[in-house]
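Enquirer: below: sequence and its predicted model.
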Amino acid sequence: MLSLAAVALAAAGLAAGWTGTWSPCGFSMIDTLGPNGHPGGRRRTVAACAAFAAGAPVGGAVTFGGLAALGALAQSQPGGDVAIGLAVAIAVAAAALGVRIAPQLRRQVPESWRRVLPLPLAAFLYGILLGLGFTTYVLSFALPALAAVSLVVADVGLGLVLGVAFGVGRALPIVALAPVADRGIGARALDAMAARPGLLRGARLVDAVALLAVAAALAGGTASAAVQRVAQPAGLPSADGGTLAWSVPGGDGVLLPAGGDPGPVGGRLPAVGGGRLAYVAFDGTPTVVERASAATVTVPAAAGADALAVSARWLAWRLPSPDRIVVLDLADPAARPRPVVSVAPPGTLSRPALDGDRLAWSSATRRGSRIVALDLATPGARSVVLRRGRAGAVVGAPSLHAGALAWIRVTGRSQDLRVARATPGAGGRVLLRLRGQAGRDGGRAPGRTGQGRRPVDRHGPIPPAAHRLLDTALDDRAAYVSRMPLAGGEPSLLRVDR
């Protein structure tokens, strides 16, 4: 299910691409692909239009997905915020002042392609070229604005959605008008587009409205109304199909079924997944319960576990001193626990996370932090690094659900709850942001010069956060995170809409 931000970006991309038809390359494409542009007749026109429609989304995905990936890379480097701010300023200035878009080809599209290449192949390449956006002239201020949005949001998934929508918007008017360009209806449509400036002004107005919708969607994604406190005291959340479980410090775990009331688990450290419930009984023995049938299996080999994760097939647990993660195949009665990873002190491992056959965890050592995933169902599979802590950042507390990853990223300036696809990369969409735990002093003492102050301190002192983000859980509609007061007190569990 697409998020509100993705829907708004897709609509803005369609509008910006559609407005691009009012340009020399848009009109020339209609003439080139139409029946008057070649001797192949209407059948050749249909094939060329199909090829053009396939190429334009490819170009859009390359541009906007690439910008999002570049933004994620920039934000992970020192001074990344400065680079992003400069990029936004340039894009806004270009949109406001109407400066010439660069780079762009001197001739809007290479005309020779249609003479030396089969027309469908040339049309496919023309589609890629127009879908790229910045290689041809587009009479829409929304193009540089959306490019800046992709760079700042730094979410490759959203960038690809935007890029494909932009390419579709560029292709639709052309493939609709080209087959009828030699008929009266097509000629009248082209004449109206060329001779009535009001149509272009109307298209630009739609672009403006779409950009406002994007701004509202992105702002609404971080609004405080999207954050709800579920329980207190509560920590170590776990979610599965609308069912939520959490730990109460020093007490029994709690299970909240979908549409039901919370109740005690009968043990500590509960985890849910794949229709199962796992917890550590008060005698220290981990127990797995099939929630539908209430069938119970104890796992004495996991005694001493201080964190659990469960799915339909697997049970995973963490053992301390030194930290190590062990898994057991619940589908095989003869299976024995097998270790997956361990770290020597002072290194630490997060609690494990499971999504079907996929296991994830984070490690923090002297060499840095990272989030790692492993396919348990594939013998000999190698672990894959999903996220790395770079430029003074620490990543940890991962959770998995339906191919998505939630995690916490901590720097000296902020604590972020982020979500993205569970694939290697950087960035991610920020669902919740708190100030850094230590705060910052602004780079100078009162009454002293600001000479030599670093760019990150340009806004002055930053007070420390009141809370620390600890652990995460994820389901279809929301992410969950536990929050601990730094001044002392009980942890609380927050629900944040995705």
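Expert: Thanks, I have it. The structure presented is a predicted model; accordingly, all values stated were derived computationally and were not measured.
Enquirer: for the stretch 151-300 of the chain, which segments count as helices?
Expert: 156-177, 184-195, 197-220 (DSSP state H, counting those that start in this stretch).
Enquirer: from the chain's centre, how far out is the longest one? Work that out for me.
Expert: In this case it means helix 197-220. Averaging C-alpha positions (C-alpha atoms, centre = their mean, to the nearest Å) puts helix 197-220 23 Å from its chain's average.
Enquirer: what's it packed up against?
Expert: Contacts defined by 3 or more C-beta pairs under 8 Å, 6 or more residues apart in numbering; DSSP states H and E place helix 197-220 against helix 4-19, helix 142-153, helix 184-195. C-beta coordinates here come from the backbone N, C-alpha and C atoms, glycine included.
Enquirer: those helices: which one's closest to A344?
Expert: helix 142-153 (38.6 Å; C-beta to C-beta).
Enquirer: angle of the closest one against helix 197-220?
Expert: 10 degrees (axes from the mean of the first three to the mean of the last three C-alpha atoms, to 10 degrees).
Enquirer: how far is helix 142-153 from where the chain is centred?
Expert: 16 Å.
Enquirer: report the mean per-residue pLDDT for it.
Expert: Averaged over helix 142-153, pLDDT sits at 83.
Enquirer: what angle do that helix and helix 4-19 make?
Expert: For helix 142-153 against helix 4-19, the angle by the same axes, to 10 degrees is 150 degrees.
Enquirer: which helix in this protein has the most residues?
Expert: helix 41-75 (DSSP state H).
Enquirer: report the angle between that helix and helix 142-153.
Expert: Going by the same axes, to 10 degrees, helix 41-75 makes 40 degrees with helix 142-153.
Enquirer: what comes up buried for helix 41-75?
Expert: 44-75 (16 or more other C-beta atoms under 10 Å).
Enquirer: report how many residues lie close to the closest residue to D476 other than its chain neighbours.
Expert: The shortest distance from D476 to any non-neighbouring residue, by C-beta to C-beta, 6 or more residues apart in numbering, is to A402 (6.9 Å). Residues within reach of A402, counting by other C-beta atoms under 10 Å, total 10.
Enquirer: wouldn't A402 be in contact with D355 here?
Expert: Yes - here A402 reaches D355: they are 7.0 Å apart, a contact under C-beta atoms under 8 Å.
Enquirer: check the gap between the residue most central in space within the chain and L146 for me.
Expert: Taking C-alpha atoms, centre = their mean, the centroid of the chain lies closest to A420, which sits 3.5 Å from it. Using C-beta to C-beta, to the nearest Å, we find A420 at a distance of 20 Å from L146.
Enquirer: so R324 makes contact with A316?
Expert: No - in this structure R324 lies outside contact range of A316 using C-beta under 8 Å: 11.1 Å.
Enquirer: who touches both of the two?
Expert: Common neighbours of R324 and A316, using C-beta atoms under 8 Å, 6 or more residues apart in numbering, are V340.
Enquirer: contacts only, for A53.
Expert: A53 neighbours (C-beta under 8 Å, 6+ apart): 127, 168, 171-172, 175.
Enquirer: go with 10 Å
Expert: 123-124, 127, 167-168, 170-172, 174-175 (C-beta atoms under 10 Å, 6 or more residues apart in numbering).
Enquirer: out of these, which one sits closest to G347?
Expert: For these, the nearest to G347 is G167 (45.9 Å; C-beta to C-beta).
Enquirer: care to break the protein down by domain?
Expert: Here the domain parsing of the chain from automatic domain parsing is 4-220, 225-449+460-497.
Enquirer: could you tell me the least trusted of the ones you listed?
Expert: domain 4-220 - the lowest mean pLDDT of these, at a mean of 80.
Enquirer: so how far is stretch 187-197 from its chain's centroid?
Expert: 41 Å.
Enquirer: show me which residues of it are buried.
Expert: Those would be 189-190, 193, for stretch 187-197 by 16+ other C-beta under 10 Å.
Enquirer: so what touches it?
Expert: 21-22, 26-27, 30-31, 34, 173, 176-177, 180-181, 183, 198-200, 202-203.
Enquirer: kindly export that stretch (C-alpha atoms) in CSV.
Expert: Only the C-alpha atoms of stretch 187-197 are listed here, as CSV (Å, rounded to 0.1, in the frame of the first residue of the first chain):
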residue,chain,number,x,y,z
ALA,A,187,-4.9,18.7,-35.4
ARG,A,188,-7.4,20.7,-33.4
ALA,A,189,-5.9,19.5,-30.1
LEU,A,190,-2.4,20.5,-31.2
ASP,A,191,-3.6,23.8,-32.5
ALA,A,192,-5.3,24.5,-29.2
MET,A,193,-2.1,23.6,-27.2
ALA,A,194,0.1,25.8,-29.4
ALA,A,195,-2.3,28.8,-29.7
ARG,A,196,-4.0,29.0,-26.3
PRO,A,197,-1.6,30.1,-23.5
